[in-house]
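Enquirer: got a sequence here, can you model it:
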Amino acid sequence: MADSNTTQKNKPGLIRQLNLFDSTMMLMGIIIGSGVYMTTGDMAQHIPSAGLLLLAWIVGGLLALFGALSFAELGAAMPDAGGQYIYLKEAYSPLWGYLFGWMLFFVAMGGSIATLGAGFARYVGYFLPALATDHPFFETDLQLFGAAHKYSLSYGHFVAIAAILILSFFNYIGVVFGKWIQNIITVIKIGTLLLFIILGLSIGKTTSIDFTLNPENIPITKLITGFTVALIAVFWAYDGWHNLNYITGEIKNPKRNLPLAIILGTFLIMLLYLMMNYVYLRAMPPSDMAGVERIAEHTGAILFGENAAAWISAAVLISVFGALNGAIFVAPRVYYAMAQDGLFFKKVAQIHPRLRTPSFAIIIQAIWASILALSGTFDQLYTYTIFATLLFAIATVIAVFTMRKTHPHMPRPYKTWGYPVVPAIFILACACICANTLRAEETRIPSIAGLGFVALGIPVYYYWKSKQKSP
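Expert: Sure, this is the predicted structure:
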């Protein structure tokens, strides 16, 4: 027994190497992807009002901030790697934690990494057309489950995979490499956004903004529905506000730095997003924005001339690359925590003895994300989990209430500001978004399918539990 305990103590573990600046840059780098450069044109189709567009970005940012304030309490009280997996396991049962990790690995984070890889390849194709994702060199029709599916392969697929594998390699060989990549790229991203905002406010060719909430006299019920749909898009542009909790085990003084990084990073992003959209509205009215996919490029060309499009495309390229690195960095810590509990392959719980990274977890994540990127179906898979991801976020914030009752004496270095009002607002608002997602015809089937996929993890969970009991 003594030898076993000694072996356990001598096992290499994660090292706390991330300070407050590193943590804040990690969070901001994950959240700032391509959403702020592309989302507003889609939103304008549902709410053709400058006032409502800005309001949607404010409300979405406040919701992300309220969720972040709640997650910060849980993270400071349980400062270990794993994030939501740990909180759900402690607040409810190991099954809840496992189902979150199951969804995260197979679809939510795997699909997110594949999507970001494809987004990176798309913008590489802007500068190198031969590598564009929309120029396939192979196409075929596949029969799957009795239905025909068109499959195409382009050099852009391999660009996406190359980006995933290169960043996975740097995160494999050390936390320092991953954090410095993230710090440098995030500083560039923030600087690019600030430059766009400053130039847009000072020298751009602007137009006056009509802040009327309903300039086209749309029926109020339709306007409310449109605002809710737009809010979903905004909320997902802020997606990633909870990812810093996954790497709590590597943050220095997490009881102080985790809450500060979460709150500071989320608040700064809300300000940047709001100002970016204000500049968009100075370039063109919402009626002209409707349906414009690359809104930053379009408004940049109006404000600064046609040559601005290439610079903005380069900014988006860097932004997506940073978000991809952040996603690759944080997620393996969840799989590592699951494997420590015997709910994933045992090798995933290993920390590299010299590099001190969850090396095998990074490897299997890179392989799975590359398969999804090559399959071309990752975007559909990812949409199926949006509903389930929101439900897990609601359950985690409810855990703030649950843990205060079941673990009243647990040390809480940080307590949620505005408790119980702030977490309650987050829960109610997200519940409304979920209800609207189920009510809307275009999102009902993907939402139910996403829940079905999560349910598939239940028998797999009991398989892992049975392996624990066997000799």
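
Enquirer: quick one: low-confidence ranges for the stretch 251-400 of the chain?
Expert: In the predicted model, the stretch 251-400 of the chain carries pLDDT under 70 at residues 377-383.

Enquirer: show me where it has its strands.
Expert: For the stretch 251-400 of the chain, strands defined by DSSP state E, counting those that start in this stretch do not occur.

Enquirer: the helices in it, which residues?
Expert: 254-283, 286-289, 295-304, 308-330, 332-340, 359-375, 378-384, 386-406 (DSSP state H, counting those that start in this stretch).

Enquirer: of the ones you listed, which is nearest Phe138?
Expert: helix 359-375 (11.7 Å; Cβ to Cβ). For the C-beta atoms, the positions are set from N, CA and C on the backbone; glycine is no exception.

Enquirer: same for that closest one, what does it pack against?
Expert: helix 109-127, helix 155-172, helix 308-330, helix 332-340 (3 or more Cβ pairs under 8 Å, 6 or more residues apart in numbering; DSSP states H and E).

Enquirer: which one of those helices lies closest to Trp180?
Expert: Per Cβ to Cβ, nearest to Trp180 of the helices and strands packed on helix 359-375: helix 155-172, 9.1 Å.

Enquirer: now distance to Lys189 and mean neighbour count too, for the helices and strands packed on helix 359-375, in a markdown table please.
Expert: Output for the helices and strands packed on helix 359-375, formatted as a markdown table (distance: least, Cβ to Cβ, whole Å; neighbours: other Cβ atoms under 10 Å):
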| stretch | distance to Lys189 | mean neighbour count |
| --- | --- | --- |
| helix 109-127 | 14 | 25 |
| helix 155-172 | 15 | 21 |
| helix 308-330 | 5 | 23 |
| helix 332-340 | 23 | 25 |
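
Enquirer: can you put the ones you listed in TSV and add distance to Val454?
Expert: Below are those laid out as TSV (distance: least, Cβ to Cβ, whole Å):
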stretch	distance to Val454
helix 109-127	14
helix 155-172	24
helix 308-330	20
helix 332-340	15
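
Enquirer: any idea how far Thr437 is from the nearest residue to Ala431 once chain neighbours are set aside?
Expert: What sits nearest to Ala431 in space, not counting adjacent residues and going by Cβ to Cβ, 6 or more residues apart in numbering, is Ile394, at 6.4 Å. For Ile394, the distance to Thr437 (Cβ to Cβ, to the nearest Å) stands at 12 Å.

Enquirer: ok, which stretches of the stretch 1-150 of the chain are helices?
Expert: Assigned by DSSP H, counting those that start in this stretch, the helices in the stretch 1-150 of the chain fall at 2-10, 20-31, 35-46, 50-77, 84-91, 94-103, 109-127.

Enquirer: helices or strands up against the second one?
Expert: Counting contacts by 3+ Cβ pairs under 8 Å, 6+ apart, the secondary-structure elements packed against helix 20-31 are helix 175-202, helix 254-283, helix 308-330.

Enquirer: for the nearest residue to Tyr126 once chain neighbours are set aside, list the residues it contacts.
Expert: Among residues not flanking Tyr126 along the chain, Ser313 sits closest, at 4.7 Å (Cβ to Cβ, 6+ apart). Residues in contact with Ser313 (Cβ atoms under 8 Å, 6 or more residues apart in numbering) are Tyr123, Tyr126, Phe127, Glu297.

Enquirer: could you check how far Ser313 is from Leu355?
Expert: 35 Å.

Enquirer: so, low pLDDT: which residues of the stretch 101-250 of the chain?
Expert: For the stretch 101-250 of the chain, the ranges with pLDDT under 70 are 143-149, 204-205.

Enquirer: one more time with 80
Expert: 133-137, 139, 141-152, 204-208, 210, 214-217, 225, 232, 236 (pLDDT under 80).

Enquirer: contact partners of stretch 280-291?
Expert: Residues contacting stretch 280-291 (Cβ under 8 Å, 6+ apart): 40-42, 44-45, 47-50, 53-54, 200-201, 204-207, 209-210, 216, 295-296, 298-300, 302-303.

Enquirer: just the buried ones from those residues?
Expert: 40-42, 44, 47-50, 53-54, 200, 204, 206, 295-296, 298-300, 302-303 (16 or more other Cβ atoms under 10 Å).

Enquirer: re the thing from before, dump the helices of the stretch 251-400 of the chain to CSV, plus distance to Phe453.
Expert: Formatted as CSV, those follow (distance: least, Cβ to Cβ, whole Å):
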stretch, distance to Phe453
helix 254-283, 28
helix 286-289, 34
helix 295-304, 32
helix 308-330, 20
helix 332-340, 17
helix 359-375, 14
helix 378-384, 6
helix 386-406, 7
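
Enquirer: of all the ones you listed, which one is nearest Pro94?
Expert: helix 332-340 (9.5 Å).

Enquirer: show me what the closest one is packed up against.
Expert: helix 84-91, helix 94-103, helix 359-375.

Enquirer: would CSV of those with mean neighbour count be doable?
Expert: CSV is the format used below for the helices and strands packed on helix 332-340 (neighbours: other Cβ atoms under 10 Å):
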stretch, mean neighbour count
helix 84-91, 24
helix 94-103, 24
helix 359-375, 21
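
Enquirer: could I get those as a markdown table with distance to His242?
Expert: Putting the helices and strands packed on helix 332-340 into a markdown table (distance: least, Cβ to Cβ, whole Å) gives the following:
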| stretch | distance to His242 |
| --- | --- |
| helix 84-91 | 7 |
| helix 94-103 | 11 |
| helix 359-375 | 18 |
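
Enquirer: quick one: which of those is nearest Leu167?
Expert: helix 359-375 (8.6 Å).

Enquirer: and the angle from that closest one to helix 175-202?
Expert: 50 degrees (axes from the mean of the first three to the mean of the last three Cα atoms, to 10 degrees).

Enquirer: residues making contact with helix 359-375?
Expert: Counting by Cβ under 8 Å, 6+ apart, 105-106, 109-111, 113-114, 117-118, 153, 157, 160-161, 164-165, 168, 171-172, 328, 331-333, 335-336, 339, 345, 347-348, 350-352, 378, 381 sit against helix 359-375.

Enquirer: tabulate the CA atom coordinates of it in PDB.
Expert: Extracted in PDB, the C-alpha atoms of helix 359-375 (Å, rounded to 0.1, in the frame of the first residue of the first chain):
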ATOM      1  CA  SER A 359      -0.300  14.900 -24.000                       C
ATOM      2  CA  PHE A 360      -2.400  12.000 -25.000                       C
ATOM      3  CA  ALA A 361      -5.700  14.000 -24.500                       C
ATOM      4  CA  ILE A 362      -4.300  16.600 -26.900                       C
ATOM      5  CA  ILE A 363      -3.400  13.800 -29.400                       C
ATOM      6  CA  ILE A 364      -6.800  12.200 -29.500                       C
ATOM      7  CA  GLN A 365      -8.600  15.600 -29.700                       C
ATOM      8  CA  ALA A 366      -6.400  16.500 -32.700                       C
ATOM      9  CA  ILE A 367      -7.200  13.200 -34.400                       C
ATOM     10  CA  TRP A 368     -11.000  13.400 -33.800                       C
ATOM     11  CA  ALA A 369     -11.200  17.100 -34.900                       C
ATOM     12  CA  SER A 370      -9.200  16.300 -38.000                       C
ATOM     13  CA  ILE A 371     -11.600  13.500 -38.900                       C
ATOM     14  CA  LEU A 372     -14.600  15.900 -38.400                       C
ATOM     15  CA  ALA A 373     -12.800  18.500 -40.600                       C
ATOM     16  CA  LEU A 374     -12.200  16.000 -43.300                       C
ATOM     17  CA  SER A 375     -15.800  14.600 -43.100                       C
END
